[in-house]
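Peer 1: no sequence on hand, only this structure:
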């Protein structure tokens, strides 16, 4: 390509706030005319860099590229990780999605481990009116923490909180009531009684003698006192306010205070529509297996594996088991070592490496056509601070399982993608922050607390963050973004940690709090936890119906 054509393409892209990747100019069909035509079909506001692969995707027929809801921000992230040779699995998964269904994905320019290859999908047509779909389970990692270890400084904390604030502000500004928001340093210039809107971080919350609430809101320009009356229109929202969250308020100034008449959380839209699979396929959700503990319910766990393999259960249960293609293990797969005082007396396997070896032995019993997605928890052999990287340093034995995908905590994965279906998005978070909110948010504490962990999950979806309060969990700031943000709205949100099964729904998002496979420990006895072991929710991804099976009960063989 000659220099003038290259310059014309670069200017066309810059006019649309797009950057050109160097490999873009390797595409055989690239011309200024083709780029101009293509730009009429590029609508994603998050696409920032046009690469050779993205160009090829948008050059496909519209019927193909409009069927896939690609998270281009996540694609850019995985591309950066790939180029820095941190990990290539997520990037390779994105490339497979961008390929035409009839093409064979070409390998990236850097070598890929064979273990990271994904199953292919097969679609056959039986008649003009009926389509038979034979789809191998597919797992695509959309969000996953994979930063190398490094010393963190003040700048990392600043960028971490700045990214969180900017993202949540962008969500709140989508509301019509918050279109014209003032920065807090301009509030003092407003006349008394004049209505306007503010967005800020909840820096402080004070309850007066009369029961009214005075918030201190903060942004990058200053602070403002916000008054909320105990009997006013916002009285039902007051108990759900927590420190360090980002909110929007509408109201007016009077006597040096901002009197709020409306309050908004960066919640999920009410009209959010969750995706469902075109074929009948199921996903099972478990957590807190605690392999290595003397209290591990191995007999019951083996019964669950027998059911997954179609060996036990009623005829209806066996038929369902055959259609389970995904198993989510949401943290604490092993009991760990030194997690709580006196734990050593309750360990059957005192070596964490032996615990993971036993984990492999058990997971390898599960049929190979079922994909297992596993994230760590606070008992696993990774750092306790979140985000937690994937379990791998002390668990080499797990890496050889061909149907196991290891992800970070938290993480977002997409399952069951086809050429015509974008897949189901599942957010995994073990739930270490849940103890804080179950005890400090009054409606949750009085509404069930540890018995209704779905209330905490709903609360965090409303905040669009998995640990909005600074002290609710131990964390390490990511150098690029706040990885505890709920940026992309999931179809399913699943957690563990509490050892209690709990189900819910918030604006179309299924909330699945997982049970456990461990009897009550002495530590749980002291904390007042009442585990509910062996209960597994099985989700029909086509209808979103949930069936819970209790594997602590005997099953017909």
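Peer 2: Nice, I can see it. Because the structure is predicted, anything quoted here is derived from the model rather than measured.

Peer 1: would you list every one of the strands in the stretch 301-450 of the chain?
Peer 2: Assigned by DSSP state E, counting those that start in this stretch, the strands in the stretch 301-450 of the chain fall at 324-330, 371-375, 404-406, 411-415, 424-428.

Peer 1: please convert those to CSV, extending it with mean neighbour count, mean pLDDT and distance to residue 534.
Peer 2: C-beta coordinates here come from the backbone N, C-alpha and C atoms, glycine included. Formatted as CSV, those follow (neighbours: other CB atoms under 10 Å; pLDDT from 0 to 100; distance: least, CB to CB, whole Å):
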stretch, mean neighbour count, mean pLDDT, distance to residue 534
strand 324-330, 25, 97, 15
strand 371-375, 25, 96, 18
strand 404-406, 22, 93, 22
strand 411-415, 25, 95, 24
strand 424-428, 26, 97, 21
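
Peer 1: any chance you could list what contacts the top helix by length along the chain?
Peer 2: In the chain, assigned by DSSP state H, the helix with the most residues is helix 154-172. By CB atoms under 8 Å, 6 or more residues apart in numbering, the residues outside helix 154-172 that reach it are 178, 199, 201, 219-220, 246-248, 264, 266, 464-465, 477-482, 485, 487.

Peer 1: which residue ranges form the helices in the stretch 201-350 of the chain?
Peer 2: Taking DSSP state H, counting those that start in this stretch as the criterion, the stretch 201-350 of the chain contains helices spanning 298-308, 315-322.

Peer 1: please identify the most buried of those.
Peer 2: helix 298-308 (a mean of 18; mean count of other CB atoms under 10 Å).

Peer 1: circling back: can you list the buried residues in the longest helix of the chain?
Peer 2: 156, 159, 160, 163, 164, 165, 167, 168, 169, 171, 172 (16 or more other CB atoms under 10 Å).

Peer 1: grab the nearest non-local neighbour of the residue most central in space within the chain.
Peer 2: Geometric centre of the chain, nearest residue: residue 427, 3.0 Å, by CA atoms, centre = their mean. Using CB to CB, 6 or more residues apart in numbering and skipping the chain neighbours, the partner closest in space to residue 427 is residue 490 (3.8 Å).

Peer 1: got the phi/psi numbers for the one you found?
Peer 2: phi -80, psi 160 (degrees, to the nearest 10).

Peer 1: that one: what's it in contact with?
Peer 2: Residue 490 is in contact with 412, 425, 426, 427, 509, counting by CB under 8 Å, 6+ apart.

Peer 1: retrieve the pLDDT associated with it.
Peer 2: On the pLDDT scale, residue 490 is placed at 96.

Peer 1: next one: residue 7
Peer 2: In this model, residue 7 carries a pLDDT of 79.

Peer 1: break this protein into its domains for me.
Peer 2: The record's domain parsing of the chain by automatic domain parsing lists 3-127, 173-264, 282-550.

Peer 1: for residue 556, which of the ones you listed is the nearest?
Peer 2: The minimum distance between residue 556 and the domains of the chain falls on domain 282-550, with 5.8 Å, by CB to CB.

Peer 1: start to end distance for the closest one?
Peer 2: With CA to CA, to the nearest Å as the measure, domain 282-550 spans 17 Å from end to end.

Peer 1: looking at this protein, which strand is longest?
Peer 2: Counting by DSSP state E, the longest strand found in the chain is strand 195-207.

Peer 1: what number of residues lie near the residue nearest to residue 484 when sequence neighbours are not counted?
Peer 2: Of all residues not flanking residue 484 in the chain, residue 466 sits nearest, at 4.4 Å (CB to CB, 6+ apart). Neighbourhood size, residue 466 [other CB atoms under 10 Å]: 29.

Peer 1: what's the burial count for the nearest residue to residue 200 once chain neighbours are set aside?
Peer 2: Excluding the flanking residues, the one nearest residue 200 by CB to CB, 6+ apart is residue 217, at 3.4 Å. As a burial measure, residue 217 scores 24 neighbours (other CB under 10 Å).

Peer 1: kindly report the same for residue 173.
Peer 2: Residue 173: 16 neighbours (other CB under 10 Å).

Peer 1: same question, the one 3 residues further on
Peer 2: Counted by other CB under 10 Å, the residues lying close to residue 176 total 7.

Peer 1: next one: residue 295
Peer 2: Using other CB under 10 Å, residue 295 has 19 neighbouring residues.

Peer 1: also residue 497?
Peer 2: Residue 497 has 26 neighbours, counted by other CB under 10 Å.

Peer 1: separation between the nearest residue to residue 190 once chain neighbours are set aside and residue 231?
Peer 2: If the residues on either side of it in the chain are set aside, residue 190 comes closest to residue 253, at 5.2 Å by CB to CB, 6+ apart. Going from residue 253 to residue 231 by CB to CB, to the nearest Å gives 21 Å.
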